[in-house]
Structures are given as structure tokens and as C-alpha cells.
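S.K.: Sequence first, predicted model second:
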Amino acid sequence: MKEQLKFVLSVCFIFFSLLSLHSELYFESADINAEGDILFDVKTNAYDGYSYKTLFKYSNENNKIEQLTFFPEKLQLLGSNKFLQISNRFGIIRLDLDYGAVASHSDFEPLSVSNSSKIGALNNIKSSPDGRWLALVEPETLVYGRLVLVDTNTGRRYTLSSKTVRNELPVSWSPDSKIILYEDNSVIYFARTEWFSASSFPDKNFRRLSDGKIKNLKWISSSEFVFLSGNVLYRVSATELFTKAFYGPLFSVGQLAAKIPSDFAPAFDSIFIAPDGKTAVFVKGKRNIYYIKLNGDDYVNVHSSDSIPYLLLPGNTAEVYVHWKDNYPIVFAESLAGGAKVLRAWQVLPFSSSFEKISMTEKSSFIAASPNFEIAAFKEDEGLVFYDTSSKAENGILSWKKLNVFSDEKIISAVWKNSFTVFLGGENYIYEYNIKGNASGLNKKKISVSSMQDYSWSDSGKEILISAKIGNDTDGLETLQYVSKLKWSLSSKKNHA
């Protein structure tokens, strides 16, 4: 039997009062057993139009709250694809894909006395590629917070910036995780991660790279990156950074890669740099798209005005983003038409001098693509649709071949393991899915529970039971029993929620 008990509210007062500070979080109900252990759920209304329930358990014996389900707002692979990191506004966990173990970090379990103030702010976390380091913005006000770096091996914390906008995470890691670049007050700084555990640390003034924004920077190897400062793109070797750290402001960093064809307005313009660092796409005002070469000379001298691949987007374009296949750009443009989102795309092919339009389902949204963008997944009315991006031209328009559709449930997030295997974060479950598998279901495996429909203690008051949806079937439910550390198993026991 489930009811909103006064006892529950008194035990959990500190947590629920903090939840009330976040308009997207709601305490809904609770269930208590004979030992005084309490099950309760918190409903989350996310910004992208979906909502979910998260189940928690309060243990009367040790006065601790444990999270029992974990919704995949964001997925990330770490440590050479050994760990799947799942993050949302309640914190982060990591699944060991070799052994199935679940690991969490106490600093990112916000339902505790020390961390409750972070609720709602932890869905924007960036890990280093090896998984050791975590960067996040700890809220100080409704708008700003502190940019903090956490060493998960030691638990030590380092403040990178005392004032960072909360919905931004201006950090960039080298692919080998040995160097971190971060932004503080529109200035980019650099550091070796090994410095944070050293007794001496170069002063910030000696670690200044340039004025600029982290979002306009891209690593092209573990030892080289390209970044935009003003209207100039520079190519920088990591060894130059540490020469600068020694010689200080007397030493300039980087070589000219290109100049963009107009002044760069950070609030309205974007730059997207190819993985090999040889080309880039400059987006001016979300309408004018330029494809430029980064060959080290002045832009105007390299290209004549009629040879620059150029694209003019519709005036109602709301968002532009670029992905790369074989180091050639695919431009996506989202616009609003009749109150609905419309997606359009263009591609520059090898040896082409223009943007070619791609035939797409307009009322769709891109979610993730395999390495090198060989296969792309889109949310469409029929489910998550996978396309082979090997383009074929029909009547002057490029088309992609549909491979298959995942329609078991609505997918929120995804991350690719390799060219054919992808992890899908669904409303009910997280799946490992192989798009080359057969239709018998052997190509998919449930690896974690995302959310539940209902919950209760078993008749004995010992076991925790939930009702979870079976696919997209609105009436189909299955009963799961909690095992430990976010693991659930099918149960024949009846859920009396």
C-alpha cells in the first residue's frame, strides 16, 4: 500500500525541501516497510519534452538514500569503450561492460546531506577520455557556477574558474587525456593533468593560450589542435604550449591555418573543424555556410569568390550543426515550420565544389552516428531509424539507404561502440543493439533499467518490486525485482503498488 506518509516527509525533509527549489523535479509518493525503510519516487520533467520517474530507497538502518533506477539523459563511452557512463541531473554511474559491475562516485550522488544542492545541475558533466577526470559546473547562483575538475582516483577537487555560465561546460581534453584546455572569462588556458597532483604548478598567466571560446577548438591528434581566435584559425602543437609555459608571454603559440571570410560573432556564428584539421565549415548567422581549407595562407588569396563551396540556409533556421564523413562535412539545419521542427541536410562529396542536398524525412531528428558517420540514427515517427550514409544521387538529390528500425520504445540518447553496435538509452531500458543482427531479438540486450511505471515492497516487505513497460505496448508490463547496485531481474512475485 502506497501513501504520502508524514513520517516519510519528516525523514526525507532535507531532500524534498531541496527538490522544491528545482521546478522540474517533483516528489510523488512513497511506500514503507516494517523496518522503516522507505521507497519513494521523484518525477523529472526534462527540457526536451519528456518526463520520467526515478526510484530511491531510504535505509532506516544506515540513514542513507540509494538510487535504484537511472535514466539515460546522456550516454558516453570511456576507457577505450570499457565503461558506459550514464549521466542525468541526479548524478553519474559507470557500467563495466566486461563484467557488468556498476561503479558510482560519492561526489556525484546528490541525494545526500553534502551533495543535495547539486540536484538538477549534474546532467552536464564531461569526462576525460580515459575516465579518470570529471569536469562540471557547480551552481553558485541561478546563472553562474564554479568550473571544477575532479580526480576520481583521489577524490581531490580543483577549481578551474570561479565564474562559468551554468549551461556551459568549457573544457576540451586531448585524446590521450594528458592535457586539458579550458575557458575562463573568454580566455583559453591549458594544463597537464599531471600538474594537478604536483607540488608546484605553473602560474595561470603562463598557461594562457589566447582569447577565444572552447567550442571553437578541436583536437586533431593527442599532440595537435586547431582553434579560432578573432577571425583567424591557428594550428597548435602541444609541445608549443609547454614552451610557452616556460617562457611565458614572450612566446606566441600556433601557426596560421586560415582566416574566415568575415568577423566572427560568438553569439551568432559557429566554426566546425574537420577531424584531420585540413578543412572547416564556418556558419555565419545560422544562414551563410562556407567550406574553407586550412592550408596556412590568407583566405582571400587561396580561394577566388566563385570557388568557395557556399550554402545559403532558409531564414527560419534555428540551429545548425556539422558532422564529418571521411573528413568531408555533412551540414544539418533545424528550422521551424507550422510549429513543428523540420530537419534538412547537405553534404560535400569528395572532389565536389558545392553542397549537395540530402533527401531526408523532414520531421525527424538526428541522435547519433557511428565512427566516421558511416551509419546515422534518426528519431522518426516509426522509431529510431538507421541509415547507410553511402550517398546515391537521384534527380540531383542525394539519398541514404534505410537499414533497419528500432521500435521497441522511445530512445532518448545513444552512443556508438563500433561501426555496427550502439548503446541506446530508452525510456524504460538501456540496450546494447547490433544493427546487423536478425529480427529474432538476438541483436539486442537489455543492460539496465531506466525508469518504472510503479513500485512497492513485496508481501514480505523484504524485496523491492517495480512494474516496467514492455516495449511500446501501453498495457504490457513486467515485474522486476531489485538485486543490488542498479541490477534488476524478472520476478514472478506480484506487485501490490
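M.R.: Thanks, I have it.

S.K.: use CA for all of it now, contacts and neighbours both
M.R.: OK.

S.K.: Tell me the gap between stretch 379-395 and the middle of its chain.
M.R.: Distance, stretch centre to chain centre, for stretch 379-395: 23 Å (C-alpha atoms, centre = their mean, to the nearest Å).

S.K.: Any buried residues in that stretch, and which?
M.R.: 379-380, 383-389 (16 or more other C-alpha atoms under 10 Å).

S.K.: Same check on stretch 392-407?
M.R.: Neighbour counts over stretch 392-407 (16+ other C-alpha under 10 Å) mark 398-400, 404-406 as buried.

S.K.: Show the average pLDDT along it.
M.R.: Confidence for stretch 392-407, expressed as mean pLDDT, is 88.

S.K.: same question, stretch 235-255
M.R.: Here stretch 235-255 scores 73 as its mean pLDDT.

S.K.: Any regions of the stretch 201-350 of the chain where pLDDT drops low?
M.R.: Within the stretch 201-350 of the chain, the segments meeting pLDDT under 70 span 244-252, 297-307.

S.K.: show me where it has helices.
M.R.: 238-247, 299-302 (DSSP state H, counting those that start in this stretch).

S.K.: hang on, Met52 packs against Glu427?
M.R.: Just so we're on the same page, residue 52 is Tyr rather than Met. Yes: assessed by C-alpha atoms under 8 Å, Tyr52 is found in contact with Glu427 at 7.5 Å.

S.K.: More neighbours: which of those two?
M.R.: More crowded of Tyr52 and Glu427, by other C-alpha atoms under 10 Å: Glu427, with 25 against 19.

S.K.: So what does that one look like in phi/psi?
M.R.: phi -60, psi -30 (degrees, to the nearest 10).

S.K.: How about the contacts made by it?
M.R.: 52, 71, 409-412, 450-451 (C-alpha atoms under 8 Å, 6 or more residues apart in numbering).

S.K.: thinking again about what came up before, closest one of the buried residues of stretch 392-407 to Pro266?
M.R.: Checking those against Pro266 with C-alpha to C-alpha, the nearest one is Leu398 at 32.1 Å.

S.K.: ok, the closest one touching Ser391?
M.R.: Yes: when contacts are counted by C-alpha under 8 Å, Leu398 is listed as touching Ser391 (5.7 Å).

S.K.: from the chain's centre, how far out does stretch 450-466 sit?
M.R.: The answer for stretch 450-466 is 30 Å, by C-alpha atoms, centre = their mean.

S.K.: likewise stretch 256-274?
M.R.: The answer for stretch 256-274 is 24 Å, by C-alpha atoms, centre = their mean.

S.K.: circling back to that earlier point, lowest pLDDT pick from the contacts of Glu427?
M.R.: Scoring the contacts of Glu427 by pLDDT puts Tyr52 last, at 87.

S.K.: still on that earlier bit, what sits in contact with each of Tyr52 and Glu427?
M.R.: 71, 451.

S.K.: hang on, the earlier thing: out of the buried residues of stretch 379-395, which two are the most distant from each other?
M.R.: Farthest apart among those - using C-alpha to C-alpha - are Gly383 and Thr389, which lie 18.2 Å from each other.

S.K.: So which residues of the stretch 251-400 of the chain form strands?
M.R.: Counting by DSSP state E, counting those that start in this stretch, the stretch 251-400 of the chain has strands at residues 255-259, 270-273, 279-284, 288-293, 310-312, 317-325, 328-337, 340-347, 356-358, 365-369, 375-380, 383-394, 397-406.

S.K.: Sorry, wrong one. I was asking about the stretch 101-250 of the chain.
M.R.: With DSSP E, counting those that start in this stretch as the criterion, the stretch 101-250 of the chain has strands spanning 102-104, 125-127, 133-139, 144-151, 157-165, 171-173, 179-184, 187-192, 208-211, 217-221, 224-229, 232-237.

S.K.: Would you tell me which of those gets closest to Phe272?
M.R.: strand 217-221 (8.3 Å).

S.K.: Give me the buried stretch members for that closest one, please.
M.R.: 217-220.

S.K.: what does stretch 80-100 give?
M.R.: 81-96.

S.K.: and if you look at stretch 414-432?
M.R.: Buried, per 16+ other C-alpha under 10 Å, within stretch 414-432: 414-417, 421-432.

S.K.: What is the burial count for Asn288?
M.R.: For Asn288, using other C-alpha under 10 Å, the count is 14.

S.K.: Which strand residues bridge it?
M.R.: Lys284, Leu312 (DSSP bridges).

S.K.: now swap in Val42 and tell me
M.R.: Phe27, Thr54.

S.K.: Contact partners for it?
M.R.: Residues in contact with Val42 (C-alpha under 8 Å, 6+ apart) are 25-28, 53-56.
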